[in-house]
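Enquirer: here are the coordinates; sequence isn't available:
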């Protein structure tokens, strides 16, 4: 996921490592931060793979040179491969979808539609699961009643969020389909 982020950010232009880390911190929100110990080894691997190029920026003798990263042609190909890769359903699906969506302008319409449709399927599957679980609770009425009642409130919350997400993604698909190539 972070590989896609770095390549996507470098599609917009060259950046130094600190700037990439700051952008990623903001993109991930206040509870998902990336450490230097994660980012810089990733950048080194990406340089080794030939996906990005490292330029050492000249600075006064008293300062350390800044490392500037730029995407290579091989990196552009890797970026497209990652954007075309189907969403894997798991704990990070929504975050990965959001990262992909940020970089939609760099991929063909068909890739954007595939990603949106995959995410829609993910949302619909989640909503069905919640509905099925709710039906089980209503049928079997497990004890204690207070806990069951609170669990039903949680499921109602999840259904409302899921329905809103489905509505938004469906509208986004319609908008994109009607957009000229």
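Expert: Nice, thanks for sending it over. Source: prediction; values computed, not measured.
Enquirer: which other residues reach the lowest-mean-pLDDT helix or strand in the chain?
Expert: Among the helical and strand segments of the chain, the one scoring lowest on mean pLDDT, DSSP states H and E is helix 17-28, with a mean of 87. Applying Cβ atoms under 8 Å, 6 or more residues apart in numbering, the contact partners of helix 17-28 are 2, 5-6, 9, 15, 33-34, 36, 39-40, 43, 66-67, 69, 95, 98-99, 102. Heads up, the C-betas are built off the backbone N, CA and C, glycines and all.
Enquirer: now it: buried residues?
Expert: 17, 20-21, 24, 27-28 (16 or more other Cβ atoms under 10 Å).
Enquirer: then stretch 156-174?
Expert: Neighbour-count burial for stretch 156-174 [16+ other Cβ under 10 Å]: 158, 162, 165-166, 169, 172-173.
Enquirer: including distance to residue 73 and pLDDT, could these go into CSV?
Expert: Listed next are these as CSV, based on distance: Cβ to Cβ, whole Å; pLDDT from 0 to 100:
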residue, distance to residue 73, pLDDT
158, 44, 97
162, 40, 98
165, 36, 98
166, 38, 98
169, 32, 98
172, 30, 98
173, 31, 98
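Enquirer: can you flag which of the residues you listed belong to helices?
Expert: 158, 162, 165-166, 169, 172-173 (DSSP state H).
Enquirer: could I get the residues you listed as a markdown table with distance to residue 124?
Expert: Formatted as a markdown table, these follow (distance: Cβ to Cβ, whole Å):
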| residue | distance to residue 124 |
| --- | --- |
| 158 | 13 |
| 162 | 8 |
| 165 | 10 |
| 166 | 6 |
| 169 | 9 |
| 172 | 15 |
| 173 | 12 |
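Enquirer: distance from the least confident helix or strand of the chain to the middle of the chain?
Expert: 14 Å (Cα atoms, centre = their mean, to the nearest Å).
Enquirer: just stretch 99-112 next, same as before
Expert: The answer for stretch 99-112 is 12 Å, by Cα atoms, centre = their mean.
Enquirer: now what about that stretch, what contacts it?
Expert: The contact list for stretch 99-112 (Cβ under 8 Å, 6+ apart) reads 1, 4-5, 8, 11, 27, 79-80, 83-84, 87, 115, 176, 179, 181.
Enquirer: give me the lowest-pLDDT entry from those residues.
Expert: Least confident of the contacts of stretch 99-112 in the model: residue 181, at 77.
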